[in-house]
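Colleague: Return a 3D structure for these sequence lines:
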Amino acid sequence: MLNSGKRIDPAALNLKEQVVAINRVTKVVKGGKNLSFSALVVIGDPSAKVVGYGVGKAKEVPSAIRKGIEAAKKNLRKVHVLDTTIAHQVLGVFASSQVLLKPAAQGTGVIAGGAVRAVLTACGVPNVLTKSIGRRNPHNVVKATIVALESLRDRNAVAEMRGLAVEKL
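Modeller: Reported below is the predicted structural model:
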């Protein structure tokens, strides 16, 4: 289910990146401790409604962020959203993290926590209400948010699935 369809070309998009989490990792070896950094990065084009995430690991923070951005460019996906909000309420689940997204009226803004806000602003949803349920691990919350956004359907897809005309919905 993840990343279905053809790849999206990152060169044609105006991508904005945001670092969600940076983690310092130590590996204990015979000679002492090896220090490295892990960075979780979300990128997206709000005008094209495209979003992706990536994880980069390196000895320095800037290199880890750069690697995370490159990984995210390989992991882009299109999201079906309306002009001002999402089409319907949806629950995204990844591991023990759950993210509930609800449509909001014009002028509400993005009511969300750190990781969820990063994903929603990257994909260009201007008005949405969210609730993070369960574990709040940034990696799993980002993945659950993207699962929720992927499960959004447009009217044409629902009409085709049900075998009805779009006007009958």
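Colleague: pLDDT score for residue 14?
Modeller: Turning to residue 14, the model gives it a pLDDT of 89.
Colleague: What residues are bridge-paired with the closest residue to it other than its chain neighbours?
Modeller: Once flanking residues are discounted, residue 14 sits nearest to residue 45: 5.4 Å by CB to CB, 6 or more residues apart in numbering. No exception for glycine: its C-beta is placed from N, CA and C like everyone else's. Here residue 45 sits in beta bridges with residue 50, going by DSSP bridges.
Colleague: is it true that residue 45 touches residue 11?
Modeller: No: if you go by CB atoms under 8 Å, residue 45 and residue 11 don't touch, sitting 11.6 Å apart.
Colleague: Neighbour count: these two, which is higher?
Modeller: With neighbours defined as other CB atoms under 10 Å, residue 45 and residue 11 compare such that residue 45 has more, 21 against 6.
Colleague: separation between that one and residue 166?
Modeller: Using CB to CB, to the nearest Å, residue 45 is found at 27 Å from residue 166.
Colleague: Need the three-state assignment for the spatially closest residue to residue 145 that is not a sequence neighbour.
Modeller: Excluding its sequence neighbours, the residue lying closest to residue 145 (CB to CB, 6+ apart) is residue 119, at 4.4 Å. Under DSSP: H, G, I helix; E, B strand; the rest coil, residue 119 falls in the helix class.
Colleague: Pull up the per-residue confidence for residue 119.
Modeller: pLDDT recorded at residue 119 is 96.
Colleague: and what of residue 2?
Modeller: So residue 2 comes in at 52 (pLDDT).
Colleague: can you list the domains in this protein?
Modeller: Domain ranges of the chain: 10-77, 79-168, per automatic domain parsing.
Colleague: chain center to the lowest-mean-pLDDT helix or strand in the chain, what's the gap?
Modeller: One helix or strand of the chain scores below all others by mean pLDDT, DSSP states H and E: helix 155-162, with a mean of 84. In this view, helix 155-162 has its centroid 24 Å away from the chain centroid, taken as CA atoms, centre = their mean, to the nearest Å.
Colleague: how about that helix as CSV, C-alpha atoms only?
Modeller: What follows is helix 155-162, C-alpha atoms only, in CSV (Å, rounded to 0.1, in the frame of the first residue of the first chain):
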residue,chain,number,x,y,z
ARG,A,155,-15.0,11.8,-5.0
ASN,A,156,-14.2,10.3,-8.4
ALA,A,157,-12.4,7.3,-6.8
VAL,A,158,-15.3,6.6,-4.4
ALA,A,159,-17.9,6.9,-7.2
GLU,A,160,-15.9,4.5,-9.4
MET,A,161,-15.5,2.0,-6.5
ARG,A,162,-19.2,2.1,-5.8
